[in-house]
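Enquirer: fold the following.
(2 chains)
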Amino acid sequence: MNYKPNLLQFNPAAPATFTSTAGIYLGLAGSFTAKSSGRVLITISCNALNTTTTNGVLLGARVGTQAAPAFGDPFNSLIPVQTVGIKLWQVDRFEAINVKQTFSKIVGWTAMIVGTTYFIDMVAAMQTDGAGQVSNISISVKEK
Amino acid sequence: MGYKPNIVQSSTNPSAGTSSATFVMMGLAIAFTPKENGSIMVICAINASINASASTSGTQIQAMFGTGTAPVNGAAVTGTVIGVLGEVTRYAATNKNLCFGLNGIVTGLTVGTTYWFDYAVKELGGTGTSTLTNNSYSISEQ
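Expert: Next up, the predicted model:
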């Protein structure tokens, strides 16, 4: 078999505003199929803000082999699902309403099954209250 | 011939910040020449701060690449955007750093051609200077 590791660059449109404190999928529907080793490096960056209060936002990344979740699906509705080492990351407080902060995460994952298609999505929750928005999303996946 | 994809890491900071309300280049002039297939991953992490009007100022940063002569610090924006921009629309205080992370995949680069990599930066609010420090700019070929 030729050595043809896969690459994915995904810049999804900004999803709708969310208010859940329990956590929801953003429905980004990224898709990646490992072609060579199943060892991948995933990097995600985005902006987030709170439109109504200064309290924080929590974000996370999920991959799974199920049908890609839709925006608003509870984040625990697809079990089992891989967290690929990216736990929730958060901003506890914004400087003001509608002030954007940047989020960025990098993780390596070695257990993707070659030939299996995975969805890649983000999950989001409000820390206590308000309405969150995520924008300028960049998801990059590089197989070794 | 063995499989020898290229990797470049730069920690050079821009020589000066910017107060420009439109994107200008930072003049990093990071050189990268693909050796194998022209598909790369770019990962950038950098701090930004503002020296005035923190409550009404922000910063936008884009990772950029291009061919030819690398742009100098303060030059008009040029090249191609990598991924999407990072943005902070308000700082906690003057001269306090915030973190930016940018990433992207670029395909179709020509093997053997040297490309420059840089940031384009724009100050939001028009009353301060956005300064970038603690730069980490990583380029790895597939």
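Enquirer: can you name the residues bridging to residue B:25?
Expert: Beta-bridge partners of residue B:25, counted by DSSP bridges, are residue B:120.
Enquirer: is it true that it touches residue B:75?
Expert: Yes: counting by Cβ atoms under 8 Å, residue B:75 is a contact partner of residue B:25 at 4.5 Å. For every residue, glycine as well, the C-beta is placed using N, CA and C.
Enquirer: count the residues that sit near residue 15.
Expert: No chain was given, so I picked chain A. Neighbour count of residue A:15, defined by other Cβ atoms under 10 Å in any protein chain shown: 21.
Enquirer: hm, I was asking about chain B
Expert: Residues near residue B:15, counting by other Cβ under 10 Å, number 11.
Enquirer: ok, residue A:36 next?
Expert: When neighbours are counted by other Cβ under 10 Å, residue A:36 registers 15.
Enquirer: that one: which element?
Expert: Using DSSP states H and E, residue A:36 falls within no helix or strand.
Enquirer: could you find the closest non-adjacent residue to it?
Expert: Once flanking residues are discounted, residue A:36 sits nearest to residue A:5: 4.2 Å by Cβ to Cβ, 6 or more residues apart in numbering or on different chains.
Enquirer: over to residue B:106?
Expert: residue B:40 (5.2 Å).
Enquirer: could you tell me how many residues sit around the one you found?
Expert: Neighbour number of residue B:40 under other Cβ under 10 Å is 27.
Enquirer: Provide the partner residues of it in its beta bridges.
Expert: For residue B:40, the beta-bridge partners under DSSP bridges are residue B:106, residue B:141.
Enquirer: who has more neighbours out of residue B:25 and residue B:75?
Expert: Taking neighbours as other Cβ under 10 Å, residue B:25 and residue B:75 compare with residue B:25 leading, 26 against 15.
Enquirer: for the more buried one, give its distance to residue A:127.
Expert: As for residue B:25, its distance to residue A:127 is 37 Å (criterion: Cβ to Cβ, to the nearest Å).
Enquirer: same deal with residue B:19?
Expert: Distance, residue B:19 to residue A:127, by Cβ to Cβ: 34 Å.
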